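>>> Any chance you could fold what I've pasted below:
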Amino acid sequence: MIDNILAGIAIVANAESILALASGVLIGVIAGAIPGMSATMAVALTLPFTFSLSPLLEFYCCLACIKAAFLVDVFRRFSSKHRVPPPPVPPCSTAIQWRRKANQAEHSGWLFMHLALPT
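Numbering: from 1, shown residues only. Sure, this is the predicted structure:
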């Protein structure tokens with residue numbers, strides 16, 4: 001069991017892995033500090049730079065980026081004097097209305113019109 005733990009530490013503790021983690025954290029912190037930039041957008045912008053890396057290093061970089069961006073975003077939201085509320089979640093009734101319109105559209109044959117033009 002200890003051999004497996006040491007093998008895992010050896011994989012993570014080399015210079016390339018630490019550099020990938022550090023660059024992902026740096027990109028994530030910068031992206032998380034920008035208002036309107038989400039952690040998902042930070043990973044989407046980081047992804048093209050990781051194409052030349054091995055899959056493991058790419059995973060480390062993107063994982064560090066999304067975690068750092070999320071942490072900075074949460075810290076920014078709750079540490080300011082004017083707290084920024086999280087984006088609103090659509091109510092369940094909206095999903096129920098869309099389902100009813102889809103059922104009506106299936107029966108009437110006008111699926112595209114009902115889904116594209118909600119009232």
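>>> alpha carbons only for contacts and neighbour counts from here, please
Will do.
>>> helices or strands next to the helix of greatest length in the chain in the packing?
What stands out as the longest helix in the chain, according to DSSP state H, is helix 55-79. Secondary-structure packing of helix 55-79 (3 or more CA pairs under 8 Å, 6 or more residues apart in numbering; DSSP states H and E): helix 15-33, helix 39-46.
>>> quick one: contacts for the residue nearest to F51 when sequence neighbours are not counted?
Leaving aside its sequence neighbours, F51 sits nearest to E58 (CA to CA, 6 or more residues apart in numbering; 7.4 Å). Counting by CA atoms under 8 Å, 6 or more residues apart in numbering, E58 makes contact with 20, 47, 50-51.
>>> Model confidence for E58, exactly?
With respect to pLDDT, E58 scores 90.
>>> do the same with S23
Looking at S23, its pLDDT reads 93.
>>> how much space is there between it and T46?
Distance of S23 to T46, given as CA to CA, to the nearest Å: 10 Å.
>>> For these two, list the residues in contact with both.
With CA under 8 Å, 6+ apart as the test, S23 and T46 both reach C65.
>>> doesn't V29 make contact with A42?
No. If you go by CA atoms under 8 Å, A42 and V29 don't touch, sitting 9.4 Å apart.
>>> coming back round to it: could you dump the helices and strands packed on helix 55-79 to CSV with distance to C62?
Output for the helices and strands packed on helix 55-79, formatted as CSV (distance: least, CA to CA, whole Å):
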stretch, distance to C62
helix 15-33, 6
helix 39-46, 6
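>>> Between the contacts of E58, which sits nearest L71?
A20 (18.1 Å; CA to CA).
>>> Can you name the residues that contact that closest one?
For A20, the contacting residues are 57-58, 60-61, by CA under 8 Å, 6+ apart.
>>> Which segments of this protein make up each domain?
2-87, 88-119 (automatic domain parsing).
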